[in-house]
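**Student:** any chance you can model this:
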Amino acid sequence: MAATPEKPTPATPRRKPGRHRGEGQWARGHFTPLNGNEQFKKDDDGLNVRTRIETIYAKTGFDSIDPNDLRGRMRWWGLYTQRKPGIDGGKTAVLEPEELDDEYFMLRVRIDGGRLTTRQLRVIGEISQEFARGTADITDRQNVQYHWIRIEDVPEIWRRLEEVGLSTTEACGDTPRVIIGSPVAGIAEDEIIDGTPAIEEIQRRIIGNKDFSNLPRKFKSAISGSPLLDVAHEINDIAFVGVEHPEHGPGFDVWVGGGLSTNPKIGVRLGAWVPLDEVPDVYTGVISIFRDHGYRRLRNRARLKFLVADWGAEKFRQVLEDDYLKRKLVDGPAPARPVAEWRDHVGVHRQKDGRYYVGFAPRVGRVDGATLTKIAEVAEAHGSGRVRTTVEQKMIVLDVEEDRVESLSAALEALDLRVAPSPFRRGTMACTGIEFCKLAIVETKARGASLIDELERRMPDFDQPITINVNGCPNACARIQVADIGLKGQLVLDDEGRQVEGFQVHLGGALGLEAGFGRKVRGLKVTSAELPDYVERVLTRFQAEREDGERFAAWVARASEESLS
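**Tutor:** Residues are numbered from 1 along each chain as shown. As a prediction, the model looks like this:
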């Protein structure tokens, strides 16, 4: 008799295989654009938009601009639409882009290494007065930003800038942004190594090169041979920091993966020492890794810091050496801790050639075209042909003879540019804010300036180094997480339950000495109107409770929430 067949076991339902999209990494073959930004970059390289601006848009006007050029590719040439006046912060995340757009632009002039001649500065000032309603803000990445720019005027502005060796090429967009550098490179008495030749070679190789004009997102870089660590290297995608190798001499320590915004990360050391002439090769290798392996699927993960966090420094260095440099890097030392309380170069300092440089502080980086022109004139009248911008929204005049320092300082002070500023003038920065920025929620520039005035009036004897960074939104353009007092703009409720402009407070962030992010006290928010009272209160407690020689950030780390509230 035939055996009774076994009853078949019901098959486990098989899931329909899904299509794994990955993170949009080109190195893994994921070339299909996974979002609108990647699509418009694939459709046409951002660098190509210049031709359309010059031949079409500047002649036919704002309304003729293709939306993907307007809110996308035009950034490759330093152009962002600015915020339409009269739109309050509560509507920032509610309105569509076209509802926020004004018919005027912010235009960013890239100033690599912060290096300017007085002739260049004069042209920047003249353009401001003629085309930008006098606006010209110094940024915390050494650039200058105009506002109120008409598309019709852009070709002429480019012509004038380029005539004196300046440009707006890749000042914005998913590109290699300005290379920040020590503003006293090549002149400081205590400099370990001058990184200027590396900055110039990277500019020649990379900027405007279509091999690197479609990155997952922006790529920020810094090079400095100053022992003051004066370029905020910890929060750049790549940074080269001057060090002395015990066997090979002066060179650079390499850091990667720093950045702020809503997911802040301190960069990590690769543990590699790089000589000056190899810095451009290493830069090219790292930006190539970002291009090929960077996460393009989600914009909020499309920065190098996320790849570095996932890989770790050891794997990142291995991929750099094996796949891109095709050689091993030399192990090297970490940079020494800076000993100076400030690293902004404000004040009078001796150069290695016996002359002097004079650093001065505008209010929160806000100047104007007329002032910039006067700075150029004052510098030239005192024998200088060179000025610099800094990463703290300050400026420096170089090459001043000793017997002309006092006169120059007086001339700058007459322009309200302080050579010996209060800690509040010296240490306060602010981003663009709601006046012009479409992402902002609150006003910043005027708020920062009035805060300086109020604190100088209330606390004239306060003499400790303090940084107060005012930001209009969570994106941290003013580096709120690494300030002593970081102020993140948001809408808050006042005592009567009304929604008003205010700030979430971050306390005790730092770079250079003990790099780290500020402490957020539970529920600590202040209205804009309450801000001077709050800052005065917390600084008064700091003065009362601090130990001998203790800096604000160290005090915050051990202070009670009551003391910080």
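
**Student:** for F424, give me its contacts.
**Tutor:** 451-452, 455-456, 459, 462, 466, 468 (C-beta atoms under 8 Å, 6 or more residues apart in numbering). Just so you know, the C-beta spots here come from the backbone N, C-alpha and C atoms, and that holds for glycine as well.

**Student:** from these, which is closest to A515?
**Tutor:** I466 (17.1 Å; C-beta to C-beta).

**Student:** doesn't that closest one belong to a helix?
**Tutor:** No: applying DSSP: H, G, I helix; E, B strand; the rest coil, one finds I466 to be coil, outside a helix.

**Student:** tell me the contacts of it?
**Tutor:** 423-424, 427, 484-485, 539, 552.

**Student:** again, only this time at 7 Å
**Tutor:** By C-beta atoms under 7 Å, 6 or more residues apart in numbering, the contact set of I466 is 423, 427, 484, 552.

**Student:** tell me which of the residues you listed fall in helices.
**Tutor:** With helices defined by DSSP state H, the entries of these inside them are 423, 427, 552.

**Student:** which of these sits closest to I199?
**Tutor:** G427 (26.8 Å).

**Student:** can you tell me the closest non-neighbouring residue to that closest one?
**Tutor:** Spatial nearest neighbour of G427, chain neighbours left out: T467 (4.4 Å); criterion: C-beta to C-beta, 6 or more residues apart in numbering.

**Student:** quick one: contacts of stretch 542-551?
**Tutor:** Contacts for stretch 542-551 (C-beta under 7 Å, 6+ apart): 552, 555, 559, 563.

**Student:** now go through these and say which are in helices.
**Tutor:** Per DSSP H, these map to helices at 552, 555, 563.

**Student:** what's the local residue count around the residue nearest to the first one when sequence neighbours are not counted?
**Tutor:** Right, the one you point to is F552. In this structure, F552 finds its nearest non-sequential neighbour in D484, 4.5 Å apart by C-beta to C-beta, 6+ apart. Counted with other C-beta atoms under 10 Å, residues neighbouring D484 total 25.

**Student:** surely D484 is in contact with A554?
**Tutor:** No: in this structure, D484 is not within contact of A554 by C-beta atoms under 7 Å, at 10.4 Å.

**Student:** quick check: the gap between the residue nearest to F552 and I289.
**Tutor:** Applying C-beta to C-beta, to the nearest Å, the value for D484 to I289 is 34 Å.

**Student:** for the stretch 451-565 of the chain, what spans make up the strands?
**Tutor:** Assigned by DSSP state E, counting those that start in this stretch, the stretch 451-565 of the chain shows strands spanning 468-471, 485-493, 499-507, 519-527.

**Student:** can you mark which positions in the last one are buried?
**Tutor:** The one in question is strand 519-527. Residues of strand 519-527 classed as buried by neighbour count (16 or more other C-beta atoms under 10 Å): 519-521, 524-527.

**Student:** who are the packing partners of that strand?
**Tutor:** strand 499-507, helix 561-564 (3 or more C-beta pairs under 7 Å, 6 or more residues apart in numbering; DSSP states H and E).

**Student:** run me through the strand neighbours of the helix or strand of the chain with the lowest mean pLDDT, direction for each.
**Tutor:** Every helix and strand of the chain was ranked by mean pLDDT, DSSP states H and E. The lowest is strand 519-527, at a mean of 86. Note on strand 519-527: by DSSP bridges, its sheet partners are strand 499-507 (antiparallel).

**Student:** which parts of the strand it pairs with are buried?
**Tutor:** By 16+ other C-beta under 10 Å, the buried positions in strand 499-507 come out as 501-507.

**Student:** likewise stretch 544-555?
**Tutor:** 551-555.

**Student:** quick one: terminal-to-terminal distance for that stretch?
**Tutor:** End-to-end distance for stretch 544-555, by C-alpha to C-alpha, to the nearest Å: 11 Å.

**Student:** return the distance of that stretch from the chain's centre.
**Tutor:** Computed by C-alpha atoms, centre = their mean, to the nearest Å, the separation of stretch 544-555 from the middle of its chain amounts to 29 Å.

**Student:** report the mean confidence score over that stretch.
**Tutor:** For stretch 544-555, the mean pLDDT works out to 94.

**Student:** if we can go back for a sec, with distance to P216 as extra columns, can I get the buried residues of strand 499-507 in TSV?
**Tutor:** Output for the buried residues of strand 499-507, formatted as TSV (distance: C-beta to C-beta, whole Å):
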residue	distance to P216
E501	33
G502	34
F503	31
Q504	28
V505	32
H506	27
L507	33
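
**Student:** what's the closest of those residues to D237?
**Tutor:** Distance to D237 across the buried residues of strand 499-507 (C-beta to C-beta) is lowest for H506, with 22.1 Å.

**Student:** thought that closest one was touching V521?
**Tutor:** No: the pair H506 / V521 is not scored as a contact, 9.1 Å apart, by C-beta under 7 Å.
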